[in-house]
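Colleague: with the input below, show me the fold.
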Amino acid sequence: MFSKNYEGFSYIDAIYGLTIILIIIGAIYGSVNIIERNFRKGELLSSADQMAQNIMEEVRLRKFDENIDNFPQVSLTNTEDFGVDGDEANDLKVFDDVDDFHQYTFENEIIDGLNAEVSVSYVLYDIVTMHIELSQFPTTLKRVKIDISHSEFDNLFTYTGIVGSGLSPDALAVPSYPTEILLVDREEGLNVVTANDVLNFQVVFNEPVFVINNQPDFSLYIDLNAQILRGDEGSYTVQPSSDGELRANYLPEQGIDPNQVSTNTLNFRINLPDTITSRNQNDFITYDPQLVIENGAIQNLDGADALLVLPTESDSFLGTTNILPLLPIMETKIYTADEADEYGTVTRTEIIEENLQQILASWPRAVDYNYYLNPADIPNTFPESNAKKFELSADGQTINSTINYHGGTISLLSPEDEQLTKYTFEAIFQSNNDDDGIGFVIAFKPNKQLQCDAGVQQGDPHSPINNTLVCTTPDGTQHHFLVAWRTGWGSRATDWGDNQFAVTHGRGKTVLLHTGPTELRVSDFTLPTFIHDKKQIQGDERQGWARKVDNQGPWIPQWTKVKVERTGDYGENINVFATRFFFSKAEAENAVYDMNNSITVDLTADHRYHKFLGPAQYGYIVWSQSNANWHDTKIIKTTVVRRDVAILLDGGDSQTVDEFHRVVDGVYSPQEVSTLRSYVGYMRMLKNPDTESKFLITEDSIIEYPAGSAWND
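Modeller: Numbers count the residues shown, from 1 in each chain. Below is the predicted model of the structure:
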């Protein structure tokens, strides 16, 4: 028998075969998948095309423009007014013209995620080049662009169509329009501006135009956008300006009637208010891109109204010029930590207990131009005897003037061995009749010439002063007073009651006499007597030293609190504060001083003041006022202050604030650092008058300027 061997498949052959079959099946599946995706995409494109055609059919069913039937009496719709009208509420059934579809979105009802957005614009068609160009001005053609999107599309599919108006292009003239807006007299780059700075703008049109401004309430302006400081000290906030708040107003050329003379350029100007500011260093002034005109028009030579759309920022001065508005510069005692030892010394207090009977018995007195070191030397002749007219009040609590001497002043002055350089004086002034002056003598210097050179540079209280050489030339008739006054309406020096708080300088007779100090301080150093400053305290009204409540009932005495604060190595810095008048002593005691109407004196600023530098006598003075009283008098030889320190910086790179002090009732008092910006406001320029250092307080930091740098740097 013969045997026959047959060859078979091994396991390896089977695996190879299966692998080949899987590869073939994968290729077939991939091809099928590609075919399916392409079919799907083709289906989407077909749906998108059909969707676009349907939308165009909807658009073409509408009028070219809602004003087409009344054209040319009514102009075609401006580009900025395209879109759904207020009463159409996105309902296609009420769309009446082509531009209602502008920015309207369609969703495919069958295929999820297939959306279309429509945009409409005017276009110009160049017959020669067959080129279509978009126009921001009305034309006889509108382009409808439909952008269709789907998550499976790599890009938007865009369909466009042109809708005609049926009008001849000659029937529609392009109106006048602004081509440029320029900022005049400002260089490119950063420009820092503040209150009272002027910004001049020019708007250039494409052709000459007339400004029709024959209405009495005509206005034409550019609405500027910036930040505004609002609120009162202690509650300052920075908020965006409201519409029309910052207006660059139209400024016609002088002597030219804009109704009769055409021009390509219109001028605008704004004087910046003292509230304009920024939130940060990149918060520049901008403008709304639309001229605002009220009760007037801008027309071309044919009488057609111009378009008022201003160029965008990139086509204006804003592309090259940045305008940073800052609040007005504020002088304040701001120091770094390494300056604190030099400028931040703390003084001590010493209260002088005054014996009223001793004052009446021994204090020097003055009347008119006469000064009596010893009261016993006062003659009994008139008017010299008026200096004797002081006595203790019935309750023994105050000194009372007992005569209404209208011809001059009478005063009580501290002894010559009791002279003060630094002190705080506080008292409540009161009388029950009349309308003239009750005062406190801030400084009295007998036997001094009118003016002198104290060896001090004007305005620099830290220059060396040898007080023994100040006004050494004696003059037995030149007795000089520096006085803080509260008056009724009887003094010409205080404007017959319109300004009842004042500081005056002069010899005794003329320091308040109504025929004397009526000139404000001037550079003529020969003027012997003058009003340094005069104010009206908030809440006061023109009145005498007694008033009726609502002009009814009995006359009631008036009470007012006054404080004089004198600081500096030579007493050169003087601040005077007052409250309003009240019907009771208790109200005056508890009242807060009107810090906005305080009066300051710098004894280095005028040669006539130099005689008062250093120790000086002080006292009480009356003009034409009987029953004058000074209640609860307090004399403190030195004032409790953190001298001159308003803000103290840590000196590091971050310039954080370690301390913040502000004036409260005439004294620098520590405050919460977190309240700093609500009192100062930002962005604010700060300058220390002593060190000449400059700072910028922003929303979240304080920046120190390098020495010698300008604000724009």
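
Colleague: could you use CA atoms for every contact and neighbour count after this?
Modeller: Fine.

Colleague: can I have stretch 215-229 written out in CSV, keeping just the CAs?
Modeller: The C-alpha coordinates for stretch 215-229 follow below in CSV (Å, rounded to 0.1, in the frame of the first residue of the first chain):
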residue,chain,number,x,y,z
GLN,A,215,-32.6,129.3,17.4
PRO,A,216,-32.2,131.0,20.9
ASP,A,217,-31.5,127.6,22.6
PHE,A,218,-29.2,126.3,19.8
SER,A,219,-26.3,124.1,21.0
LEU,A,220,-23.7,122.0,19.1
TYR,A,221,-21.2,120.0,21.1
ILE,A,222,-18.9,116.9,21.3
ASP,A,223,-19.8,114.7,24.2
LEU,A,224,-16.5,113.8,26.0
ASN,A,225,-16.0,110.7,28.1
ALA,A,226,-13.9,110.8,31.3
GLN,A,227,-14.1,110.3,35.0
ILE,A,228,-15.7,112.8,37.4
LEU,A,229,-15.0,113.3,41.1
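
Colleague: buried residues in it?
Modeller: 220-229 (16 or more other CA atoms under 10 Å).

Colleague: could you do stretch 364-374 as well?
Modeller: By neighbour count with 16+ other CA under 10 Å, stretch 364-374 contains the buried residues 364-373.

Colleague: against Glu672, how distant is Ser678?
Modeller: Separation of Ser678 from Glu672 (CA to CA, to the nearest Å): 11 Å.

Colleague: comparing those two, which shows the higher neighbour count?
Modeller: Ser678 (16 against 10; other CA atoms under 10 Å).

Colleague: list phi and psi for the residue lying closest to Tyr405 once chain neighbours are set aside.
Modeller: Distances taken as CA to CA, 6 or more residues apart in numbering place Ser624 nearest to Tyr405, at 4.5 Å, with adjacent residues excluded. Dihedral pair for Ser624: phi 50, psi 40, per degrees, to the nearest 10.

Colleague: for Thr158, see how far away Ser624 is.
Modeller: From Ser624 to Thr158 the distance is 93 Å (CA to CA).

Colleague: who has more neighbours out of those two?
Modeller: Set Ser624 next to Thr158 and count neighbours by other CA under 10 Å: Ser624 wins out with 23 against 16.

Colleague: so where is the stretch 101-250 of the chain shaky, pLDDT-wise?
Modeller: The stretch 101-250 of the chain contains residues with pLDDT under 70 at 169-174.

Colleague: as a check, name the ranges of all strands in it.
Modeller: Remark: strands assigned in the stretch 101-250 of the chain by DSSP state E, counting those that start in this stretch are 105-107, 115-126, 131-135, 141-149, 157-164, 178-184, 189-193, 198-212, 219-225, 227-230, 237-240, 247-250.

Colleague: want to throw the ones you listed into TSV with distance to Asp288?
Modeller: Shown next, in TSV, are these (distance: least, CA to CA, whole Å):
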stretch	distance to Asp288
strand 105-107	28
strand 115-126	22
strand 131-135	21
strand 141-149	27
strand 157-164	32
strand 178-184	12
strand 189-193	20
strand 198-212	13
strand 219-225	6
strand 227-230	14
strand 237-240	13
strand 247-250	11
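
Colleague: closest one to Gln538 among those strands?
Modeller: Among the strands of the stretch 101-250 of the chain, strand 227-230 comes nearest to Gln538, with 20.3 Å by CA to CA.

Colleague: I'd like to know which elements that closest one is packed against.
Modeller: strand 237-240, strand 276-277 (3 or more CA pairs under 8 Å, 6 or more residues apart in numbering; DSSP states H and E).

Colleague: tell me the buried residues in the longest one?
Modeller: In this case it means strand 237-240. Buried residues in strand 237-240, counted by 16+ other CA under 10 Å: 237-238, 240.

Colleague: domains in the protein, as residue ranges please.
Modeller: The chain breaks down by automatic domain parsing into domains covering 11-171, 188-325, 330-346+641-704, 417-636.

Colleague: looking at those, which is buried most?
Modeller: Mean neighbours per residue, mean count of other CA atoms under 10 Å, is largest over these for domain 417-636, with a mean of 20.

Colleague: that domain: end-to-end distance?
Modeller: 16 Å.

Colleague: now it: mean pLDDT?
Modeller: Mean pLDDT, domain 417-636: 83.

Colleague: and the helices in the stretch 201-350 of the chain?
Modeller: Taking DSSP state H, counting those that start in this stretch as the criterion, the stretch 201-350 of the chain carries its helices at 340-343.

Colleague: reformat the buried residues of strand 237-240 as CSV; add distance to Lys63.
Modeller: Converted to CSV, the buried residues of strand 237-240 look like this (distance: CA to CA, whole Å):
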residue, distance to Lys63
Thr237, 51
Val238, 49
Pro240, 42
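
Colleague: which single one of the residues you listed is nearest to Lys634?
Modeller: Distance to Lys634, by CA to CA, is smallest for Thr237 among the buried residues of strand 237-240, at 38.6 Å.

Colleague: now Glu384: closest residue in space that isn't a chain neighbour?
Modeller: Nearest non-adjacent residue to Glu384 (CA to CA, 6+ apart): Val367, at 6.2 Å.

Colleague: now do that neighbour against Leu356, distance only.
Modeller: Per CA to CA, Val367 is found 20 Å from Leu356.

Colleague: determine the longest helix present in this protein.
Modeller: Longest helix in the chain, counting residues (DSSP state H): helix 11-60.

Colleague: so which elements touch that helix?
Modeller: On a contact count with 3+ CA pairs under 8 Å, 6+ apart, helix 11-60 meets strand 141-149, strand 157-164.
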